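Participant: Provide a 3D model corresponding to the input given below.
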Amino acid sequence: MPVRSPARPRRAVSVTSLIDVIFLLLLFFMLSSTFTKFAEIRLDTGTGGPAAPAPAATPPLFLQLGADTIRLNAQEVSLEDLPDRLAAEAPDDTETASRTLIIAPSGDDLTSQRLIDLLVVLRQQPGFDIRVLE
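Facilitator: Alright, predicted model coming up:
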């Protein structure tokens, strides 16, 4: 005759250590996350968009952006001097008129941060319709 051992009562599973691990993971992800809002810069590319407007009376400005140089209409200019040069080229009535400014990135070593720095400076100048070539 088979001998049966008395049934052992099951112990309850302790979830204390599981709660500790979940709390530590939650704390880690909360502290390592950033909750800042990133700034947005609108880009208008020169290749897409609505139909081309009628030709302007003033020719567009051409800005060539390199890793170390900026050329405005083939004349080298620094990023700090660019607002003064653009103020001289701005239309007289910036409320109703705008002048097209075409940006052509050049060189393989050009970074996107350099383009963003330029766009931040250009957005502060009124009276310009900024276009970025691809």
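
Participant: could I get the helix of greatest length in the chain in PDB with only the CA atoms?
Facilitator: Longest among the helix segments of the chain by residue count, using DSSP state H, is helix 16-32. These are the backbone C-alpha positions of helix 16-32, laid out as PDB (Å, rounded to 0.1, in the frame of the first residue of the first chain):
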ATOM      1  CA  THR A  16       8.300  42.500  -1.600                       C
ATOM      2  CA  SER A  17      11.500  42.200  -3.600                       C
ATOM      3  CA  LEU A  18       9.500  42.500  -6.900                       C
ATOM      4  CA  ILE A  19       8.000  45.800  -5.700                       C
ATOM      5  CA  ASP A  20      11.500  47.100  -4.700                       C
ATOM      6  CA  VAL A  21      12.800  46.300  -8.200                       C
ATOM      7  CA  ILE A  22       9.900  47.900  -9.900                       C
ATOM      8  CA  PHE A  23      10.300  51.000  -7.700                       C
ATOM      9  CA  LEU A  24      14.000  51.200  -8.500                       C
ATOM     10  CA  LEU A  25      13.300  50.900 -12.300                       C
ATOM     11  CA  LEU A  26      10.700  53.600 -12.100                       C
ATOM     12  CA  LEU A  27      13.000  55.900 -10.200                       C
ATOM     13  CA  PHE A  28      15.800  55.200 -12.700                       C
ATOM     14  CA  PHE A  29      13.700  56.000 -15.700                       C
ATOM     15  CA  MET A  30      12.200  59.100 -14.200                       C
ATOM     16  CA  LEU A  31      15.600  60.500 -13.300                       C
ATOM     17  CA  SER A  32      17.300  59.700 -16.600                       C
END
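
Participant: check which residues of that helix are buried.
Facilitator: Of the residues in helix 16-32, none is buried under the neighbour-count criterion (16 or more other C-beta atoms under 10 Å). All C-beta atoms are positioned from the backbone trio N, CA, C, and that covers glycine.

Participant: rounded mean pLDDT for that helix, please.
Facilitator: With pLDDT averaged residue by residue, helix 16-32 scores 89.
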